[in-house]
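>>> Task: produce atomic coordinates for the following.
(chains A and B)
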Amino acid sequence: MATCDTRDAVRWLIDGARTAQLPEDVLQQLCERMVACGVPLAGASVFVQTLHPGLFGRCFLWRRGLGVLIIEFPYESEECIALQRSVEAGIRASDKVLTLEPDREDSCLNIAKFRNLRAKDITQFVATPLVFSDGEVHLAIWSTRQSGGLTEEQTRGIERIVAPLARVAEVFALRRRAAVLLDTYVGRTSGTRILAGQIRRGQTEAIEAAIWLSDMRGFTELADRIPPQALIELLNRYFDCQVPAILRRGGEVLKFMGDGMLAVFPITENDGGVKHVCNAALAAAYEARAEIAALERAGDGAPVRFGLALHVGTVMYGNIGGANRLDFTCIGPAVNLAARVEKLTGRLGRSILASAAFASACDEPMVSVGEFELAGFEQPETVFGLSDEIGG
Amino acid sequence: MVWFTMMSCDTGEAVRWLLDGARSATVAEQMLQQLCERMVGAGVPLAGAGFFIRTLYPGLFGRSFIWQGGVEPVVLEFAYDSQESRDLQRSSEVCIRDSAIAFDPAQEDSCLNLPVFKKLHADAVTAFLATPIVFANGDVHLAVWTTEQAGGFTAEQIRNVEALIPPFSRVVEIFALRRRATVLLDTYVGHATGERILAGDIHRGHTEALHAAIWLSDMRGFTELADRLPTDILIRLLNRYFDCQIPAVARRGGEVLKFIGDGMLAIFPIAADDGDAKKVCSEALAAAYEARARIASMEQSELGADHAPVRFGVALHVGTVMYGNIGGENRLDFTCIGPAVNLVARVEKLTGGLGRTILASAAFARVSGEPLIPVGDFVLPGFAQPQTVFGLRDEIG
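Model (predicted):
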């Protein structure tokens, strides 16, 4: 009676689902096409495991009339362990469609986040493996409210779209993987530039930016004294105090150097100009200082202290390196100035210092802490501190 | 109708194989070979096939994959700024269209000068068929199919080739994206480290103790140069300076972990059973010799006449480092830390004062078995006892 021919949806997928920009659009448009051609779907979810520092995987959940919800599964969450088990048990063994009992206790449907999918009146779930070209298995689950479940023809309609859907899911997952890897190890702004084609040496450009250079007071002495594993834990906690504060305010972490960290806050017209960006960098500095003040050193419980220099100026930003091993970083006299001001923090007993250029660019009044001869700079540089820090 | 049956072709099986992700192939050239063999088996009289894709690569504009009958498929790489790359760039708009186009090899057509066509050109070829490969994001690349059949491809054969193009495009895209991730990590993180990350080592807490020879180098007087030289010249200098070191390190099994301005940290991993420790240290030392020679002969002209020769210092040590992911939130560094890294940094700082280019720790001198000579005992922070530091016979402090 109800014919269902998903071949049009298949062609659309094989063509790369090019009317969709994002994976959630692919699922939405696919489900709408399937419903239109006679597959009475109530919901559909696609779960893809990801290579990501914090996420085990992502699930795209479509419900008829409600659009697509994206659920992220943090690494080592209970759901992800349950998911992994279900994928392994239920799907890996099978290379084709698997019908799940809506009431079975051990099915993937018991995962809390999937409860939405277990809406009322669901008469059948169908699970299909999405096998990537390297053999990795991911998962799609389809549900219906049709009494008696799906007909054989409707099930075949779903079967036909599984392989093309796997290809499109793989393309989207791999595109995202490249972006995530660059976000993780190079930084988001740099990564975006690299993916846009800026991957050749010599591709450097002058940008205006607020510059952040920080290090941990007494780190070298600590590194010699405490076990490496404890040192790594301390470093991770220490960077946790700074990285989110920077990223949330538009900054980009360019480099870690042991305990040292170099970040920039690029100034663009849309960012409200130099004043806005310097205010944001200073706010990040306050936040990092507060977070670090609450840290205790591993082993001896002593407080962790840090030093941070803020400056604003022109840096050369881009690819530097040899052969095919590159660094996407920034260099220039402005970075050198920040490094020299940072070295003063220990001597002056202050956490946050700023150059004259930075101090005059931000709204908050900063106090001069003196004039210093800095190597490489002809004029003495007036260095500024915060009014709530007392040197000594 | 007997004639029609004989000539009919059905590439349905090849389409299904592509839709399933061409899982019997692990690299793109293998995928092309297996596809072409399937197409020939299904009645498409291919003599050759190839495709060209632009890549995201530090040194390459794009790559071509060429299959010709019984011989192994080949991969052609086109460097940036090569004539071929310029030709490819210029003619891609003209020669790549929305649908398949046939080229007669006897006709004059500038598209036939494209490397993909030229490579597939043979006297017996009767027809070229060019088809677009359209990626999901809209990027357009090119595939070319040839036959030696008299009269060229039949209309049915062309239809069959065209039917293959969308699933073929998905698979080409998938192979290209997989390679992209590898190349990006090779470029910005390092090859061996990149392999670990792709294998799933992308979480903090994934750190392991690794035995390795450690290399730390920097350019003598760089800070002073950085303040004085215009930034574009400084960048050119740095790039050429790293060119003197990175190939020397990489060719001998070393992995560049980090650049710190002019500084460079690299490791040469040693097998878990330590069996190759002596050889690894010898390789690291050979890399240091090569880098020293290359840096000594760096052309000065580009940097301005007033320039003293570039000098550098490198310290070598062997020990255990903690290797893995360190960082904050989702912004990580895959690097190594530990007292062994601190030691190499302190030895490196001695190179300037001692007027030597290459220095080694006592552990390195012992494990390498090279005839290094002691240059003195030094009190180094973090070590209770003075440390003996070694130098080379051919350097006089």
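>>> what's the pLDDT at residue 48?
Using chain A here. A:Val48 carries a pLDDT value of 90.
>>> my bad, chain B
In this model, B:Gly48 is scored at 95, pLDDT.
>>> can you tell me which residues contact it?
Neighbour list for B:Gly48: B:66-69, B:120, B:122, B:125, B:145-146 [criterion: CB atoms under 8 Å, 6 or more residues apart in numbering or on different chains]. Backbone N, C-alpha and C define where each C-beta goes, glycine included.
>>> Return the members of those classed as buried.
Among the contacts of B:Gly48, those classed as buried by 16 or more other CB atoms under 10 Å in any protein chain shown are B:66-68, B:120, B:125, B:145-146.
>>> Would you check those residues and say which has the weakest pLDDT?
Lowest pLDDT within the buried ones among the contacts of B:Gly48 is found at B:Leu120 (86).
>>> Run a quick check on that one versus B:Ala130, I expect a contact.
No - counting by CB atoms under 8 Å, B:Leu120 sits too far from B:Ala130 to count as a contact (10.6 Å).
>>> re earlier: now flag whichever of the buried ones among the contacts of B:Gly48 is closest to A:Cys4.
Nearest to A:Cys4 out of the buried ones among the contacts of B:Gly48 is B:Trp145 (CB to CB; 35.1 Å).
>>> Which secondary structure state does the closest one sit in?
Three-state assignment for B:Trp145 (DSSP: H, G, I helix; E, B strand; the rest coil): strand.
>>> can stretch B:326-342 be found next to chain A?
Yes - using CB under 8 Å from any CB of the partner chain, stretch B:326-342 reaches chain A at B:326-335, B:337-339, B:341-342.
>>> Who are the contact partners of B:Gly69?
Here B:Gly69 is in contact with B:47-48 (CB under 8 Å, 6+ apart).
>>> How much space separates it from B:Ala106?
Computed as CB to CB, to the nearest Å, the B:Gly69 to B:Ala106 distance reads 21 Å.
>>> Quick one, grab the pLDDT at A:Leu117.
56.
>>> Overlap in contacts, B:Leu120 and B:Ala130.
In terms of CB under 8 Å, 6+ apart, B:Leu120 and B:Ala130 are both contacted by the residues B:Val144.
>>> Do any residues in the helix or strand encompassing B:Ala181 lie close to chain A?
Secondary structure from DSSP states H and E places B:Ala181 in helix B:155-188. Yes - against chain A, helix B:155-188 shows contacts by CB under 8 Å from any CB at B:166-167, B:169-171, B:173-175, B:177-178, B:180-181, B:184-188.
>>> can you pull the contacts of the closest residue to A:Asn324 other than its chain neighbours?
With sequence-adjacent residues excluded and distances taken as CB to CB, 6 or more residues apart in numbering or on different chains, A:Asn324 is closest to B:Pro58, at 4.8 Å. For B:Pro58, the contact set (CB under 8 Å, 6+ apart) comprises A:199-201, A:319, A:324, A:326, B:183, B:187.
>>> Go through the residues you listed and flag which are in strands.
Cross-referencing those against strands under DSSP state E gives A:319, A:326.
>>> Can you add pLDDT, neighbour count and distance to B:Val75 and give the contacts of B:Pro58 back as TSV?
Below are those laid out as TSV (pLDDT from 0 to 100; neighbours: other CB atoms under 10 Å in any protein chain shown; distance: CB to CB, whole Å):
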residue	pLDDT	neighbour count	distance to B:Val75
A:Ile199	85	23	19
A:Arg200	85	16	20
A:Arg201	83	22	23
A:Asn319	91	23	25
A:Asn324	84	18	16
A:Leu326	92	26	23
B:Val183	92	21	14
B:Thr187	92	25	19
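>>> closest to A:Val168 among the contacts of B:Pro58?
Comparing the contacts of B:Pro58 against A:Val168 with CB to CB places B:Val183 closest, at 22.8 Å.
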